[in-house]
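> Can you look at this prediction? I've put the sequence above it.
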Amino acid sequence: MTEQAPAAASIDTSRPHPARMYDYYLGGQDNYEVDRAAAEQLMAATPDVRRSARANRDFLQRVVADVVRSGVRQILDIGTGIPTSPNTHEAAHAVDPGARVVYVDNDPIVSVYAGAKLTSTPGTGFVLADLRDPAAIAESETLNGLIDLDEPVAVLLVSVLHFVADSEDPKGLLRALTERLAPGSRLVISHATADFHSPEVGERGAEIYARATAGLRLRTRDEVVGLFEGFALEEPGVVQVSHWRPERQPTEDDGRVAVYGGLAVKS
């Protein structure tokens with residue numbers, strides 16, 4: 001089930017798009033020359049960006065499996081990005097084939113791929129909408145057809161909140177997105193940071209994304225912890241995604257991953 005939001009932006013190939021740049025970091029093919037050029041500029045400033053993107057993707061798969069193993073069988077994945085297998089529903093169904101997943105993204109290109117790569121599996125749906133409009137997400141026919149808000153839901157915001165400016169009130173958006181969730185629901189966030197590199201690297205990244213369709217707001221660990229307001233963080237708290245319940249012993253290179261991640265529970 002794929003739902004189109006009437007106010008969604010049209011496809012813009014004249015400027016870099018963060019989702020397509022991320023696809024390039026992961027070695028995908030669903031990007032344009034303008035995206036590749038911007039991505040290469042960022043990788044020249046910090047070669048760790050590709051390592052960080054891959055570590056973030058691994059975090060997504062681990063945290064989804066953890067959520068489903070905990071008994072939460074409904075997932076709302078906001079800021080889905082270009083589909084890259086294994087996607088959220090694939091990671092969830094590997095644990096419980098009955099898990100239901102609704103994807104949300106504001107990129108029309110993601111919508112183009114949704115029918116073939118995201119929603120062809122029963123129990124999955126897609127909504128073309130922006131996290132800055134929580135009401136549009138909550139009122140969407142697709143979400144209400146697949147997600148029962150009287151039961152726990154895992155809300156995933158993986159590598160998306162760093163594209164929300166302070167002036168857009170990320171904490172307020174999160175409250176609006178999660179206020180109706182049942183106790184036992186999960187909130188998963190991963191977020192880019194400049195904590196592990198020089199200020200110049202962070203400034204260069206902000207400059208590059210300023211020319212893209214979404215600006216970049218890198219946040220410190222304390223700021224990321226603050227985004228979980230109203231939820232109780234589970235161990236190991238907010239850490240580099242490479243250190244969140246890893247399946248192998250982290251290496252020295254993992255210490256340069258510039259993305260924090262965490263999982264929290266609503267009481």
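Yep, it's here.
> Run a quick neighbour tally on the nearest residue to Gly262 once chain neighbours are set aside.
With sequence-adjacent residues excluded and distances taken as C-beta to C-beta, 6 or more residues apart in numbering, Gly262 is closest to Val238, at 4.1 Å. C-beta: built from backbone N, CA, C; applies to glycine. For Val238, the tally of surrounding residues (other C-beta atoms under 10 Å) stands at 23.
> what's in contact with the helix or strand containing Lys171?
Take DSSP states H and E as the rule and Lys171 turns out to sit in helix 170-178. Applying C-beta atoms under 8 Å, 6 or more residues apart in numbering, the external contacts of helix 170-178 come out as 78, 131-132, 134-135, 137-138, 155, 157, 161, 164, 185, 187, 226-227, 229-231, 266.
> do stretch 39-52 as well
Stretch 39-52 has contacts (C-beta under 8 Å, 6+ apart) with 16, 21, 24-25, 31, 192, 196-197, 201, 204-205, 208, 241, 253, 256-259.
> which ones among the residues you listed are found in strands?
Secondary structure of these is defined by DSSP state E; positions in strands are 192, 259.
> Buried among the contacts of stretch 39-52? Need that as a selection in PyMOL.
Here the buried members of the contacts of stretch 39-52 are turned into a PyMOL selection, burial being counted by 16 or more other C-beta atoms under 10 Å:
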select buried, resi 16+21+24+25+31+192+196+197+201+204+205+208+241+256+257+258+259
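> re earlier: which members of the contacts of helix 170-178 occur in helices, if any?
Cross-referencing the contacts of helix 170-178 with the helices (criterion: DSSP state H) gives 134-135, 137-138, 226 as the overlap.
> Quick one: low-confidence residue ranges for the chain.
Applying pLDDT under 70 to the predicted model, the residue ranges of the chain that meet it are 1-11.
> All the strands of it, residue numbers only.
2-3, 74-78, 100-105, 124-128, 154-158, 186-192, 232-233, 239-240, 259-265.
> Report the buried residues of the fifth one.
Meaning strand 154-158. If you call a residue buried by 16+ other C-beta under 10 Å, then strand 154-158 has these buried ones: 154-158.
> Strand partners (parallel or antiparallel) of it?
With DSSP bridges as the test, strand 154-158 is paired with strand 74-78 (parallel), strand 186-192 (parallel).
> Pull the distance from it to the chain's centre.
Relative to the centre of its chain, strand 154-158 is centred 6 Å away, using C-alpha atoms, centre = their mean, to the nearest Å.
> what's next to that strand, contact-wise?
Counting by C-beta under 8 Å, 6+ apart, the neighbours of strand 154-158 from elsewhere in the structure are 56, 59-60, 63-64, 67, 72, 74-79, 88, 131, 174, 177-178, 181, 185-190, 261.
> hang on, the earlier thing: can you put the strands of the chain in JSON lines and add distance to Ile147?
Compiled in JSON lines, the strands of the chain are given as follows (distance: least, C-beta to C-beta, whole Å):
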{"stretch": "strand 2-3", "distance to Ile147": "13"}
{"stretch": "strand 74-78", "distance to Ile147": "5"}
{"stretch": "strand 100-105", "distance to Ile147": "6"}
{"stretch": "strand 124-128", "distance to Ile147": "9"}
{"stretch": "strand 154-158", "distance to Ile147": "10"}
{"stretch": "strand 186-192", "distance to Ile147": "13"}
{"stretch": "strand 232-233", "distance to Ile147": "22"}
{"stretch": "strand 239-240", "distance to Ile147": "29"}
{"stretch": "strand 259-265", "distance to Ile147": "18"}
